[in-house]
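1. structural data only, the sequence is not supplied:
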């Protein structure tokens, strides 16, 4: 069994679903770098479109159930903390989605498996594939399970901002505030990808990539906190 086949098997185990339609799963895991970008190409872009809508419905439904007294403004604010590129990328990383993706050329060797935009988009495509393969009820259950950690963070607002938490952690250890450095920028001007390093004196730096500097900074901060779980409470 090669590494990618093993990664796909592990991905199915983590989401708790074995796909009956293997072609559908493969399409969800295929990045647009494979082949051209014409409408008929079997990559995950169309599935991403559908998956975004499925995720929106599941989260909106769950929030109206959990927050029966909240008005539209309050629901919308909380909704956007749960449904965004960062949240999708976090879930994707937790289930090992990056390792299961299929790329064209050398894209898979250029850090794309850890790229927040790529993994976040693929996460939405995977949800669409799950919906088409198993139906809405199964998909709702899996989304609520995969997003459980994100929903739990609603009770602790500060934990939703890794940069704030990392700053407090550094201060608690008597260290200077974290510094965020831009290590590189790539991609077209209308859709750039930034590589950011989070640095705290005396701690191993953490790097992350995302479609905006702010998103990459938050992902890098979250990664540094994950590496130091005993100190980052």
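-> Good, I have the coordinates. Note that this is a predicted model, so its numbers are computed, not measured.
2. any idea how this protein splits into domains?
-> Annotated domains of the chain cover 3-154, 161-227 [automatic domain parsing].
3. I'd like those as CSV, with mean pLDDT and mean neighbour count appended.
-> For the C-beta atoms, the positions are set from N, CA and C on the backbone; glycine is no exception. Listed next are the domains of the chain as CSV, based on pLDDT from 0 to 100; neighbours: other C-beta atoms under 10 Å:
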stretch, mean pLDDT, mean neighbour count
domain 3-154, 89, 17
domain 161-227, 88, 17
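4. any idea which element the residue nearest to the spatial centre of the chain lies in?
-> In the chain, the C-alpha nearest the mean C-alpha coordinate belongs to residue 89, at 0.9 Å (C-alpha atoms, centre = their mean). Secondary structure from DSSP states H and E places residue 89 in helix 85-94.
5. how about residue 208?
-> If you go by DSSP H and E, residue 208 is part of strand 206-210.
6. now do the helix holding residue 89 against strand 206-210, angle only.
-> 120 degrees (axes from the mean of the first three to the mean of the last three C-alpha atoms, to 10 degrees).
7. residue 212 reaches residue 191, doesn't it?
-> No. Taking contacts as C-beta atoms under 8 Å, residue 212 lies outside contact range of residue 191: 10.4 Å.
8. what packs against the host helix or strand of residue 165?
-> Per DSSP H and E: residue 165 is located in helix 162-172. If you count contacts as 3 or more C-beta pairs under 8 Å, 6 or more residues apart in numbering; DSSP states H and E, helix 162-172 packs onto helix 213-227.
9. just want the angle from the helix it packs on to strand 206-210.
-> Using the same axes, to 10 degrees: helix 213-227 against strand 206-210 is 140 degrees.
10. ok and helix 213-227 relative to helix 162-172, angle-wise?
-> Going by the same axes, to 10 degrees, helix 213-227 is angled at 50 degrees with respect to helix 162-172.
11. now tell me what touches helix 213-227 from outside.
-> Outside helix 213-227, the residues that touch it by C-beta atoms under 8 Å, 6 or more residues apart in numbering are 85-86, 89-90, 116, 161-163, 165-166, 169, 178, 180, 182, 194-198, 200, 203-210, 232.
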